[in-house]
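**Student:** dropping the sequence and predicted coords here.
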Amino acid sequence: MTRTASIVLSALAGASALLLTVTATPATANPNTINPIPVLNGSNGLPNLPGRSKAVFQMTGMASPNNTQAYNVLGTDLGIMWDNGNGELLTAFGDTAGLGFPNLLAGSFWAWRSNILTRSHTQNPANGIYFDSVVRDVFGQARDLIPSPKIPFLEISRIPTAGISVGGVQFMSLMSVRSWDEVGQWSTNYSGLAASGDNGETWGELPATRRPDEGGNSNFQMNAFLKDGGFVYEYGTPPGRNNQAFVARVPEAEITDLGAYEYWDGERWRRGDVNAAAPIMWGVGELSVMYNAYLGQYLSLTTDPFNSVVMRRAAAPTGPWSDPEVLIDTRELPSAYAPSIFPYQTGRDLYYLTTVHSQYNVLLMRTTL
């Protein structure tokens, strides 16, 4: 870590003044305006939160015990977690910054990947989540699972928003980002599935599952998955934050068949009619949904329009969903976003990942229910 830190600091010596002036507004979206270097970005250890939630562990970056700089991950976001069907935790991260050829077309001096994957056997995260392996390229770097051209207004990124294992196959839902727009907003070309039959090592796109950003499909550009009662539930939102959320479901074995999806219209399921989907939540950003055995309820995590991390509860996957409860107030951690629930039951303690944009890395959080 010391050697890598020296290399990074040397490489950035000419840009130190620029880095020190980079600031992150709440819920910002553009990943090119970031600074993942500890101290230079104002971070020094885990944040001390005065509210009901606590920061437990730094998952990524140069200050992480996972030493992700060893595979050229200096900064990253998201952290979509799911069980691979065999008790192993898979985590997909989004836009990832490292050293190398900079993404000059997007105005960034970082080398970018859009989607990377780590593996872990941690099932008790009380002392952190430690990675066992990462999907790497021939140079030992964490590599893009699904490449993208990274050209503004064509496709600037291909970002994972959900992951799930069905029948021994791993599935990710990814959004094709066309442009970064105003704070907390972006435009997409489509969303769609990719699949892996070798535990996430190699992935193939499934073009027949693409949802263009038009009509009712616009409401499923960013997704969260939940397995329940033989179905995969897909919770969707339009691109960006402060949106409505919708829900569809499909029998597990038919996850790749868009024609088999049913959409909740507020009263019943409507097969094959994406335009029938009615909103089930309001004012949401990136979503994560899971059944919680301790409470006997379904939980959803997201950020609200004020950029606080919030939780809702429901007795059924379709809701009705409760009013949001604040887990992390925006005044405690102003640039937090994209909470993702740890996929194993942990009793009264709820564990989840949250990105902190001001340091552009991912933290493990704990809230006592």
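**Tutor:** Structure's in. What do you need?
**Student:** hey, let's count contacts and neighbours off CA atoms from now on
**Tutor:** Fine.
**Student:** helices and strands of this structure: which one has the lowest mean pLDDT?
**Tutor:** When each helix and strand of the chain is scored by mean pLDDT, DSSP states H and E, helix 16-21 comes last, with a mean of 37.
**Student:** following the chain onward from that helix, which element is next?
**Tutor:** strand 53-58 (DSSP states H and E).
**Student:** chain center to that following strand: distance?
**Tutor:** Distance, stretch centre to chain centre, for strand 53-58: 17 Å (Cα atoms, centre = their mean, to the nearest Å).
**Student:** how about stretch 153-169?
**Tutor:** 10 Å.
**Student:** mind listing what's buried along that stretch?
**Tutor:** Glu155, Ile156, Ser157, Arg158, Ile159, Pro160, Thr161, Ala162, Gly163, Ile164, Ser165 (16 or more other Cα atoms under 10 Å).
**Student:** middle-most residue in the protein, spatially?
**Tutor:** Leu78 (3.1 Å; Cα atoms, centre = their mean).
**Student:** bridged to it, which residues?
**Tutor:** On the basis of DSSP bridges, Leu78 is bridged to Phe93.
**Student:** ok, now which ones touch it?
**Tutor:** Neighbour list for Leu78: Ala92, Phe93, Gly94, Ala338, Pro339, Ser340, Leu353, Thr354, Thr355, Val362 [criterion: Cα atoms under 8 Å, 6 or more residues apart in numbering].
**Student:** same thing but 7 Å
**Tutor:** The contact partners of Leu78, taken as Cα atoms under 7 Å, 6 or more residues apart in numbering, are Phe93, Gly94, Ala338, Thr354, Thr355, Val362.
**Student:** what does the model give it for pLDDT?
**Tutor:** Per-residue confidence at Leu78 stands at 97 (pLDDT).
**Student:** now the helices for this protein?
**Tutor:** For the chain, helices defined by DSSP state H occupy the ranges 2-11, 16-21.
**Student:** partner residues bridging Met290?
**Tutor:** Here Met290 sits in beta bridges with Leu299, going by DSSP bridges.
**Student:** that one touches Asp228, doesn't it?
**Tutor:** No - between Met290 and Asp228 there is no contact under Cα atoms under 7 Å: 9.4 Å.
**Student:** show me which of these two is the more surrounded one.
**Tutor:** Legend: neighbour count by other Cα atoms under 10 Å for Met290 and Asp228, higher for Met290 (23 against 14).
**Student:** tell me who's in contact with the more buried one.
**Tutor:** Met290 sits in contact with Leu226, Tyr298, Leu299, Ser300, where contact means Cα under 7 Å, 6+ apart.
**Student:** so which of the buried residues of stretch 153-169 sit within strands?
**Tutor:** Ser157, Arg158, Ile159, Pro160, Thr161, Ala162, Gly163, Ile164, Ser165 (DSSP state E).
**Student:** could those go into a markdown table alongside distance to Thr209 and pLDDT?
**Tutor:** Listed next are those as a markdown table, based on distance: Cα to Cα, whole Å; pLDDT from 0 to 100:
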| residue | distance to Thr209 | pLDDT |
| --- | --- | --- |
| Ser157 | 18 | 95 |
| Arg158 | 15 | 97 |
| Ile159 | 16 | 98 |
| Pro160 | 14 | 98 |
| Thr161 | 15 | 98 |
| Ala162 | 14 | 98 |
| Gly163 | 14 | 98 |
| Ile164 | 15 | 98 |
| Ser165 | 16 | 98 |
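**Student:** how about stretch 295-304: buried residues?
**Tutor:** Here stretch 295-304 shows Gln297, Tyr298, Leu299, Ser300, Leu301, Thr302, Thr303, Asp304 as buried, counting by 16+ other Cα under 10 Å.
**Student:** now render these as CSV, adding pLDDT and distance to Pro36.
**Tutor:** Below are the buried residues of stretch 295-304 laid out as CSV (pLDDT from 0 to 100; distance: Cα to Cα, whole Å):
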residue, pLDDT, distance to Pro36
Gln297, 98, 37
Tyr298, 98, 34
Leu299, 98, 31
Ser300, 98, 28
Leu301, 98, 25
Thr302, 98, 23
Thr303, 98, 22
Asp304, 98, 25
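**Student:** going by distance to Leu258, which of the residues you listed wins?
**Tutor:** Taking Cα to Cα as the measure, Leu258 lies nearest Ser300 of the buried residues of stretch 295-304, at 24.0 Å.
**Student:** need the pLDDT of Asn30.
**Tutor:** At Asn30, pLDDT is 72.
**Student:** what sits against it?
**Tutor:** Residues near Asn30 by Cα under 7 Å, 6+ apart: Trp180.
**Student:** give me that answer again for 10 Å
**Tutor:** Each residue near Asn30 by Cα atoms under 10 Å, 6 or more residues apart in numbering is listed here: Ala24, Asp95, Ala106, Ser179, Trp180, Asp181, Glu182, Val183, Gly184, Gln185, Trp186, His357.
**Student:** roughly how far apart are it and Tyr351?
**Tutor:** Noted for Asn30: a distance of 26 Å to Tyr351, by Cα to Cα, to the nearest Å.
**Student:** remind me which residues of the chain are low pLDDT?
**Tutor:** 1-29 (pLDDT under 70).
**Student:** isn't Gly140 right next to Asn72, touching?
**Tutor:** Yes - taking Cα atoms under 10 Å as the definition, Gly140 is a contact partner of Asn72 at 8.4 Å.
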